[in-house]
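*Asks:* Next come a sequence and a model predicted from it.
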Amino acid sequence: MKNDFDTVKDRFASDGINAPDDINEDMVLGQLEGVKPVKVKKKKTGMVLGITSAAVASVAVITAGAFLATNIFFSGVQVGTPVSVSGTAKLMQFNTRDEVKKAVGNAKKFQNNINSGERYNALDGDVLEYGEKVFSAGSANGSASGSSGGSSSHNSTYVQHTGVDEADNVKTDSEYIYYLAPTSNGMKHQIQIYRAAQKDTEMVSAVTELNDSNFREFYVNGDRLVVLSEVYYSDSSTEASVYDISDRSKPKLLDSFCQSGNYVSSRMIGDTLYLVSDYYAYNDDDLPETRNKNATPDEVPVNCTYSVETPADSRFLVVSSVDTQNGAKALSTKSILGSADDVYCNQDYLYVNATEYETQDYNRVINSFASYYTPTNVRTQIVKFSLNDNLDAVASCYVKGEINNQYSLDEYNGNLRVATTSINEKNSFEVNNLYVLDSELNQIGSVEGFAKDESIKAVRYMGDTAYVITYEETDPLFVIDLSTPSDPQILGKVKISGFSTMLVPIDENTVLGIGYNTDNVYYTNMEVQDGIKIVTFDVSDKTNPKVLDTKVFKGYYSEVQNNPKALLVNTERNDFTIPFSCYGDGYSNYDSYSGVINFRISDGKIDIVDQYRSDVFVSSDNGSAEVSRCVYVGNTIYMLGNVWEYDYYIKNNTDDVYRTSIDWVDYK
């Protein structure tokens, strides 16, 4: 009887396809050797059942690259003109609308073959190997890293760079608290405005969603409230609505600006909003548009439309700058045939990044579960914009691996540093990397392959030093010297149980980590996340970092573990506050409670000033409540969150309805 590999060859031959003679059991097993499934963020749905060994072998052979006869090549398609920027690099800029349509059409064809490893050059349509070329343009001068804290009267959102505000679901000024209340049972989101007055705190007004809008987050800038929404008309759009709140009791909508695509992120510098969305073109004719309230939509002009050299699919990243003091006046819009997942921004440049996965289908089939598959290539696309009047698209590139969050990127002295987690292609285990890119996003230095079988959980850059937390079973802090950009070096590391998801510079010799405590479950010999862990590291000797102090709160959870904006910093008091919820034994609400933890760092030691348990946010068998965020105004800490009450549910004969609650405590 023929073996399965002969059967596969026969099936190929019956379809008129000549398979290579070297397809055999040893070759395929060699491709599979050392491969283990890795779970990644983006998942495919569905399950493959009833696959024969021959089918598995055929998929393995195709994805291993032994069989290329079915590849489709599109060549000779001129879709753009190379434009010389600073005389050094190419930018794919379109000349006509038809060129854009052709590029979108080619992208759609090639996205169907993403698992084959094919990519095409947006300039000429030629098929490229995955990540073979990079697109790069322009020149730039960088800005130094920064961080934020609060004034003596109230706190601001914790942000990555001083002077670059980030949207949030809670904001404060010296008198008012603004809070985005969640929706429930079909109720619309509201941005509730409270006058902060301890026990006399009251809601003075609320801004409610309009039409088909879905509030995401917002800014408060003087007497302007800037609300960011996703809006669903014939297609999804991102909208920035500007309200005059000079009279807090009567917010007045001035104007709104809308651009195609799902909301990704934004930043605000002064009065200018930078808005980023991700638009999927279902058809060749679907091109990004912009409009103001009640105006006719306009397509983004062709001379403002570009492409990266090897788009992964027919997605556009759309970036606009908007003047929020004069209604919602669009200053400039650019669209890039590329992708958008997140942003990093300083006062000079905006970087939009997106992660792309390419998989080996045979692992997905063998495991039968589509959520487990081995990515043979994981890369991050980065596009750089200059925050000048024209919002110029400056450069683009790809780096190996995926980033953890915006803190994985940082620009310093004109160079961009990027920390990623990638897959070792031969053995399919995770490794970590740090790349240094110049102002045109050309790679000039790297350190690759550290922390095998671990992934990055937190990154923070302090000048020419990077601090990187990875985790698998322990929490190593790596200290990486970047003083010579062309030759980054790991100087030292220290391990501790648990892992930090956020790193905060305290001073030049001390770093604060906030994250998860982990415990070993004796009967399974597995580690589980159990509570909050706060740790300080002594980095005065970068070759020998040390743990200075730790505090563990078992059974606790905090929003700050997943959202850096939830960290409350008072620079004048030199203290920190985080919200928490404690669920006791996990079986009953009777011993569950919520509140805030206030602490200071002194000589590297963690001093817990107090742990405030709220009388309002108390869970019981009659309902549940938790503090999700906290702010301070003057000498008062305000706790905000949501309460679900069973009595309300019974009384009103309705589904789950959440209401916003506020509690307060005196600042010690």
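*Replies:* In hand now; what should we look at?
*Asks:* From now on I want contacts and neighbour counts done on CA atoms only, so please keep to that.
*Replies:* Fine.
*Asks:* and L482, how many neighbours?
*Replies:* Per other C-alpha atoms under 10 Å, the neighbour tally for L482 reads 24.
*Asks:* cool, K250 as well?
*Replies:* 14.
*Asks:* Leaving out the residues flanking it, which one is nearest to it?
*Replies:* In this structure, K250 finds its nearest non-sequential neighbour in S205, 6.7 Å apart by C-alpha to C-alpha, 6 or more residues apart in numbering.
*Asks:* Quick check: which element contains the one you found?
*Replies:* Following DSSP states H and E, the helix or strand that holds S205 is strand 202-208.
*Asks:* Please identify the buried residues of that strand?
*Replies:* For strand 202-208, burial by neighbour count (16 or more other C-alpha atoms under 10 Å) applies to S205, A206, V207, T208.
*Asks:* so what does it touch, helix or strand wise?
*Replies:* Contacts defined by 3 or more C-alpha pairs under 8 Å, 6 or more residues apart in numbering; DSSP states H and E place strand 202-208 against strand 190-195.
*Asks:* list the helices and strands the strand it packs on packs on?
*Replies:* Taking 3+ C-alpha pairs under 8 Å, 6+ apart as the contact cut, strand 190-195 packs with strand 176-181, strand 202-208.
*Asks:* try 10 Å this time
*Replies:* Identification of packing neighbours for strand 190-195 by 3 or more C-alpha pairs under 10 Å, 6 or more residues apart in numbering; DSSP states H and E yields strand 170-172, strand 176-181, strand 202-208, strand 213-221.
*Asks:* Leaving out sequence neighbours, find the closest residue to A206.
*Replies:* Using C-alpha to C-alpha, 6+ apart and skipping the chain neighbours, the partner closest in space to A206 is Q192 (4.4 Å).
*Asks:* Kindly report the same for R600.
*Replies:* D575 (4.4 Å).
*Asks:* I figured the one you found hits D610, correct?
*Replies:* No. D575 is beyond contact range of D610, at 11.4 Å (criterion: C-alpha atoms under 10 Å).
*Asks:* where do the helices sit along the stretch 501-650 of the chain?
*Replies:* Remark: helices assigned in the stretch 501-650 of the chain by DSSP state H, counting those that start in this stretch are 646-652.
*Asks:* returning to what we had before: measure the residue nearest to K250 to P579 for me?
*Replies:* As defined by C-alpha to C-alpha, to the nearest Å, S205 lies at a distance of 25 Å from P579.
*Asks:* With I637 instead?
*Replies:* Counting by C-alpha to C-alpha, the gap from I637 to P579 is 11 Å.
*Asks:* Which neighbours do those two have in common?
*Replies:* Common contacts of I637 and P579 (C-alpha atoms under 10 Å, 6 or more residues apart in numbering): L568, V596, N598, Y612, C630, V631.
*Asks:* now for these, which pair is the farthest apart?
*Replies:* L568 and Y612 (14.4 Å; C-alpha to C-alpha).
*Asks:* State which helix of this structure is the longest.
*Replies:* If you go by DSSP state H, the chain has its longest helix at helix 97-111.
*Asks:* my guess is D313 meets S339, correct?
*Replies:* Yes. Counting by C-alpha under 10 Å, D313 does reach S339; the two are 8.0 Å apart.
*Asks:* could you give the mean pLDDT of the longest helix of the chain?
*Replies:* Averaged across helix 97-111, pLDDT comes to 85.
*Asks:* Could you do stretch 250-261 as well?
*Replies:* 96.
*Asks:* still on that earlier bit, describe which strands the strand holding S205 pairs with in its sheet and in which direction.
*Replies:* strand 190-195 (antiparallel) (DSSP bridges).
*Asks:* who are the neighbours in contact with Y243?
*Replies:* 207, 220, 223-227, 250-256, 324-325, 327-328.
*Asks:* ok, L567 touching F580?
*Replies:* No. L567 lies out of contact with F580 (C-alpha under 10 Å); the separation is 11.1 Å.
*Asks:* So which of these two has more stuff around it?
*Replies:* F580 (28 against 25).
*Asks:* nearest residue to that one other than its sequence neighbours?
*Replies:* S558 (4.5 Å).
*Asks:* so who does V431 touch?
*Replies:* Taking C-alpha under 10 Å, 6+ apart, one finds 401, 420-424, 448-456, 470 in contact with V431.
*Asks:* Kindly recompute the last result at 6 Å.
*Replies:* Shown in contact with V431 (C-alpha atoms under 6 Å, 6 or more residues apart in numbering): T421, S422, G449, F450, A451, K452.
*Asks:* Which of the three states applies to it?
*Replies:* Three-state assignment for V431 (DSSP: H, G, I helix; E, B strand; the rest coil): strand.
*Asks:* What residues are bridge-paired with it?
*Replies:* Residues in beta-bridge contact with V431 (DSSP bridges): S422.
*Asks:* Check what pLDDT it gets.
*Replies:* Looking at V431, its pLDDT reads 92.
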